[in-house]
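K.L.:
My questions concern the predicted model and sequence given below.
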There are 2 protein chains.
Amino acid sequence: MHEAALHVGLIGLGTVGSQVADRLLNRREVLRRRAGVDLVLDRVLVRDPTRPRAVAVPREMLTTDPADLLEDPCLDVIVEVAGGEEPARSYLERAIRAGKHVVTANKVVMARHGPELLELAGAMNVDVYFEAAVGGGIPLISTFKVDLLANDIQRIMAVINGTTNYVLGRMADAGLSLEEAVAEAQTAGYAEADPTEDVGGYDAVSKLAIMASIGFGARIHPDQIYREGIEGVEPVDFRYARELGYEVKLLAYAARAGERVEARVHPVLVPHGHPLAVVEGAHNAVYVEGDLVGEVLLQGLGAGGRPTASSVVGDLLDLARSVHRQVQHRAAAQFDAQVQVVPMDEVGTRAYFRCRVADRPGVLAAICQVFGEEGVSIASAIQKESDDVSAEFVVTTHRSPDAALRRTRARIARLDVVHSVRAFLRVL
Amino acid sequence: MHEAALHVGLIGLGTVGSQVADRLLNRREVLRRRAGVDLVLDRVLVRDPTRPRAVAVPREMLTTDPADLLEDPCLDVIVEVAGGEEPARSYLERAIRAGKHVVTANKVVMARHGPELLELAGAMNVDVYFEAAVGGGIPLISTFKVDLLANDIQRIMAVINGTTNYVLGRMADAGLSLEEAVAEAQTAGYAEADPTEDVGGYDAVSKLAIMASIGFGARIHPDQIYREGIEGVEPVDFRYARELGYEVKLLAYAARAGERVEARVHPVLVPHGHPLAVVEGAHNAVYVEGDLVGEVLLQGLGAGGRPTASSVVGDLLDLARSVHRQVQHRAAAQFDAQVQVVPMDEVGTRAYFRCRVADRPGVLAAICQVFGEEGVSIASAIQKESDDVSAEFVVTTHRSPDAALRRTRARIARLDVVHSVRAFLRVL
């Protein structure tokens, strides 16, 4: 029998790309046996061919001209691990239009343009694989696309950004400030020079948009997702949270709400005993609820060259086994464009307030009156002396519309007896 | 375009079968949209067609004659959820020989005959799906077969039997005896009338055989797997374990060991802080280590009609999408028959001993001398007064060959000053 082969063009030879190239070049025979198809790396698009690399790629494979990949009729599949919105999106579109399958680790492109690319791929009868775009090596996309497809997905709760999880963990355990913890994460290689994408929650929003779109079969654009980063969390909040029985995590949350969906990213107090409370360091964990399966938890390293390469090469092997059998475009992801996202104002949440207040009679009464007037019920309260003239007052609430909680926050901040509302976090 | 359809014959209409039938009959339109194929349930094999069922299946679909399914050329796929080795294995073989795809939830058949059935299916160009055979709704088989296929799997550690996990949890938390906890589990519907399959570790052995065979690409038969059940664990062991910083779990463990593999099922002390220590109740958790992905943890309900039906119908949808595209037999699972399982004697483990000893001078010296002579190094020791004439002595060891640990156990039990070795458990 003629040996089947899949010819691969790779865009990007950084942390992920070099691991992908290494596996394709140095484990070719093992992969060939597993897939029944020879995965042949032919061409790699790089910015600087002279730069030293972690993996020995033959110099003649390297090119700086995208046309050498996108217009080469011998290439069956383009693997994109360069990241960023452009030119990656254009490259993927050109590859699909040229009748090539694509495998991408690009969360920004898939979050913002995934449905269009998938639709185009359907028309061109090619496949788009993107397991690596969310959660590194954790099998998430395939779980939604295949394993849980018999379910109506009801809820997705995820600790999906390893950088902020590492930073929050260091703030909680070592008492570091946000700035100190971010600096440490940068030194350890967990955070970018500009940490905004992670710390601001933008990365988690992209990942949630992808998971929720696939999980709910509905197009959910990142711009529809409510977003708060971890900038407002202070070391003292971890101490209060633990005293109350919680850990602080950056949570990506999506749920069906009747005909609509909730989708939001913000810091949250997770109760001890919840599986997401114990997700540590750079790990990611995704908690999925389906109507048949009940609750499933998927956890692992959410980033890094090797875990991400595990998903990229896994996608290639899955594609290879399909192509080997002359099947094309199995994905058939469908999106209901009509689904609406519940405005944050209407979302029911619980909240944690930490206020600096004057240390004199009547203060608590004044604060509690505001809660009462806004119809927000208090679940727990702690007051501690802070210095001679001020005290710290911490409150958690029962479930209320988020608008009422934020009105309460604004009104309390304006009270004469309140110096400031230092923290306002949601509670799971 | 002609509407594609996949015609389904179902064997078994019990807990799982009725959930599968319910989803196929009552969510047909939703599933058709998701798969691009109409899943048509045509025929159900039952023992007693007059028995009342949890789901309304038209009486004319029911049959007691297996030939009505296995010899009906209109059926594309046979779903087997009846369980047990025979006649289920024969039915699956007949279905495959008749050119039908099969989807099964049968762990015994897949553990003992999976490789033969997969090979036969390859020859017949049909697919065998068995996601539901291990871990209920948790996506395990697909994770090994597809998502982690780029990895060399190094280790699998699993709490994979919900019944024993529930029983151990009740012994630990409520101080119940094994018999009391099993009786409670039977009342709650978590344990069979004859609990041997679960309590004795046989169920976990079947599941480990399947996972290890797929994960390592090596044929590992249940008979090659070392097995101990939880019969020897007593309530007091949970108290000592927690004092030492451990929980007691029934562990399914497999690992590469050079050219060989380790594969064993037995109770084990899992250190607090390990993800498997907090797996509660009827939940299952599987911990996989791969050379690229690092560590991945997959957790969820490991049994029950609805979670298992989630996997069965998920398999059907995956199959439907392949068949729709005229692909056949994507599985291509390959098994290296040459791999050897390390004999338990040679396996390096740690152990926990609990002995009833005479309460007089020289006893500990005598015991410790045996450990020393067998080259087993003691990690921790606790002695507690038990009554006037005897005391309880608990020891954990450092890593030693299992043969040395068991020789030590036998020699200690023969000492005059030792009344009995009441417990001997491994430590993770």
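P.N.:
Alright, I've got the coordinates.

K.L.:
By mean pLDDT, which helix or strand of chain A comes out lowest?
P.N.:
strand A:378-385 (a mean of 89; mean pLDDT, DSSP states H and E).

K.L.:
going on from it, what's the next piece of helix or strand?
P.N.:
Beyond strand A:378-385 on the C-terminal side, the first helix or strand identified by DSSP states H and E is strand A:390-397.

K.L.:
any idea of the angle that next one forms with strand A:378-385?
P.N.:
Taking axes from the mean of the first three to the mean of the last three Cα atoms, to 10 degrees, one finds strand A:390-397 and strand A:378-385 inclined to each other by 170 degrees.

K.L.:
Okay, now the sheet partners of the helix or strand following strand A:390-397, with direction.
P.N.:
Going down the chain from strand A:390-397, the next helix or strand is strand A:400-401, by DSSP H and E. In the sheet, strand A:400-401 lines up against strand A:348-358 (antiparallel) (DSSP bridges).

K.L.:
Give the buried residues for the partner strand.
P.N.:
For strand A:348-358, the buried set under the neighbour-count rule, 16 or more other Cβ atoms under 10 Å in any protein chain shown, comprises A:349-358. All C-beta spots, glycine's among them, are computed from the backbone N, C-alpha and C.

K.L.:
mind showing which ranges of chain A have poor pLDDT?
P.N.:
A:1-3, A:324-334, A:337 (pLDDT under 70).

K.L.:
could you pull out the helices for it?
P.N.:
With helices called from DSSP state H, chain A shows them at A:15-26, A:28-35, A:67-70, A:88-97, A:107-124, A:141-142, A:162-174, A:178-187, A:196-199, A:202-216, A:235-244, A:305-324, A:363-373, A:402-414.

K.L.:
one step back: run through who's touching the least confident helix or strand of chain A.
P.N.:
By Cβ atoms under 8 Å, 6 or more residues apart in numbering or on different chains, the surrounding residues in contact with strand A:378-385 are A:240, A:243-244, A:350, A:359, A:364, A:368, A:371, A:391-398.

K.L.:
I'd say A:V102 and A:D76 touch.
P.N.:
No: the criterion here is Cβ atoms under 8 Å, and A:V102 misses it with A:D76 at 10.4 Å.

K.L.:
So if I had to pick from those two, which one is more boxed in?
P.N.:
Neighbours per residue (other Cβ atoms under 10 Å in any protein chain shown) separate A:V102 from A:D76, with A:V102 holding more: 26 against 21.

K.L.:
residue contacts, A:R227?
P.N.:
Contacts of A:R227 (Cβ under 8 Å, 6+ apart): A:200-202, A:205, A:264-266.

K.L.:
quick revisit: relative to chain B, which of the helices of chain A is closest?
P.N.:
helix A:305-324 (3.4 Å; Cβ to the nearest Cβ).

K.L.:
hang on, the earlier thing: tell me the one among the buried residues of strand A:348-358 nearest to B:D65.
P.N.:
A:T349 (57.2 Å; Cβ to Cβ).

K.L.:
beta partners for that closest one?
P.N.:
A:S400.

K.L.:
Could you pull out the buried residues of stretch A:4-24?
P.N.:
Neighbour-count burial for stretch A:4-24 [16+ other Cβ under 10 Å]: A:4, A:6-13, A:15-24.

K.L.:
And stretch A:407-423, by the same measure?
P.N.:
Judged by neighbour count using 16+ other Cβ under 10 Å, the buried positions of stretch A:407-423 are A:407-409, A:411-412, A:415, A:417-419, A:421-423.

K.L.:
May I ask which two of those residues are separated the most?
P.N.:
Pairwise distances across the buried residues of stretch A:407-423 (Cβ to Cβ) peak at 19.6 Å, for the pair A:R407 and A:H419.

K.L.:
Contact partners for the nearest residue to A:L62 once chain neighbours are set aside?
P.N.:
Using Cβ to Cβ, 6 or more residues apart in numbering or on different chains and skipping the chain neighbours, the partner closest in space to A:L62 is A:P49 (4.2 Å). Taking Cβ under 8 Å, 6+ apart, we find A:P49 in contact with A:59, A:62-64.

K.L.:
on that earlier part again, from the contacts of strand A:378-385, list the buried ones, please.
P.N.:
A:240, A:244, A:350, A:359, A:368, A:371, A:391-397.

K.L.:
Max pairwise distance over these: which two?
P.N.:
Longest span within those, Cβ to Cβ: A:R350 and A:D359, 27.0 Å.

K.L.:
Run a quick neighbour tally on A:R53.
P.N.:
A:R53: 16 neighbours (other Cβ under 10 Å).

K.L.:
residue contacts, it?
P.N.:
A:13, A:18.

K.L.:
how far away is it from chain B?
P.N.:
18 Å (Cβ to the nearest Cβ, to the nearest Å).

K.L.:
got it, and A:E392?
P.N.:
32 Å.

K.L.:
Thought A:S386 was touching that residue, still the case?
P.N.:
Yes: using Cβ under 8 Å, A:E392 is in contact with A:S386, at 4.9 Å.

K.L.:
Please enumerate the shared neighbours of those two.
P.N.:
Common neighbours of A:E392 and A:S386 (Cβ under 8 Å, 6+ apart) are A:R356.

K.L.:
just to revisit the earlier point, show me the contacts of A:R227 that map onto strands.
P.N.:
Counting by DSSP state E, these place A:264-266 in strands.

K.L.:
export those to CSV and tack on distance to chain B?
P.N.:
Shown next, in CSV, are the ones in strands among the contacts of A:R227 (distance: Cβ to the nearest Cβ, whole Å):
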residue, distance to chain B
A:R264, 24
A:V265, 23
A:H266, 25
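
K.L.:
Kindly reformat the residues you listed as CSV containing neighbour count.
P.N.:
Formatted as CSV, the ones in strands among the contacts of A:R227 follow (neighbours: other Cβ atoms under 10 Å in any protein chain shown):
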residue, neighbour count
A:R264, 26
A:V265, 29
A:H266, 21
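
K.L.:
Check which residues of stretch A:83-93 are buried.
P.N.:
A:83, A:88-89, A:91-93.

K.L.:
Out of these, which is nearest to A:S311?
P.N.:
A:G83 (14.4 Å).

K.L.:
Go ahead and confirm that closest one touches A:Y91.
P.N.:
No: A:G83 lies out of contact with A:Y91 (Cβ under 8 Å); the separation is 11.7 Å.

K.L.:
what sits against the nearest residue to A:V233 once chain neighbours are set aside?
P.N.:
Nearest residue to A:V233 in three dimensions, chain neighbours excluded: A:P267, at 5.5 Å (Cβ to Cβ, 6+ apart). Counting by Cβ under 8 Å, 6+ apart, A:P267 touches A:168, A:228-230, A:232-233, A:248-251, A:425-426.

K.L.:
can you rerun that using 6 Å?
P.N.:
A:230, A:233, A:248, A:250, A:425 (Cβ atoms under 6 Å, 6 or more residues apart in numbering or on different chains).

K.L.:
I'd like the distance between the residue nearest to the last one when sequence neighbours are not counted and A:V394.
P.N.:
For A:L425, ignoring the flanking residues on the chain, the nearest one in space by Cβ to Cβ, 6+ apart is A:Y352 at 4.5 Å. With distances defined as Cβ to Cβ, to the nearest Å, the gap from A:Y352 to A:V394 amounts to 7 Å.

K.L.:
before we move on, what about A:V102?
P.N.:
From A:V102 to A:V394 the distance is 50 Å (Cβ to Cβ).

K.L.:
again with A:V199
P.N.:
Counting by Cβ to Cβ, the gap from A:V199 to A:V394 is 24 Å.

K.L.:
likewise A:V357?
P.N.:
Distance from A:V357 to A:V394, by Cβ to Cβ: 10 Å.

K.L.:
Okay then, goodbye and thanks.
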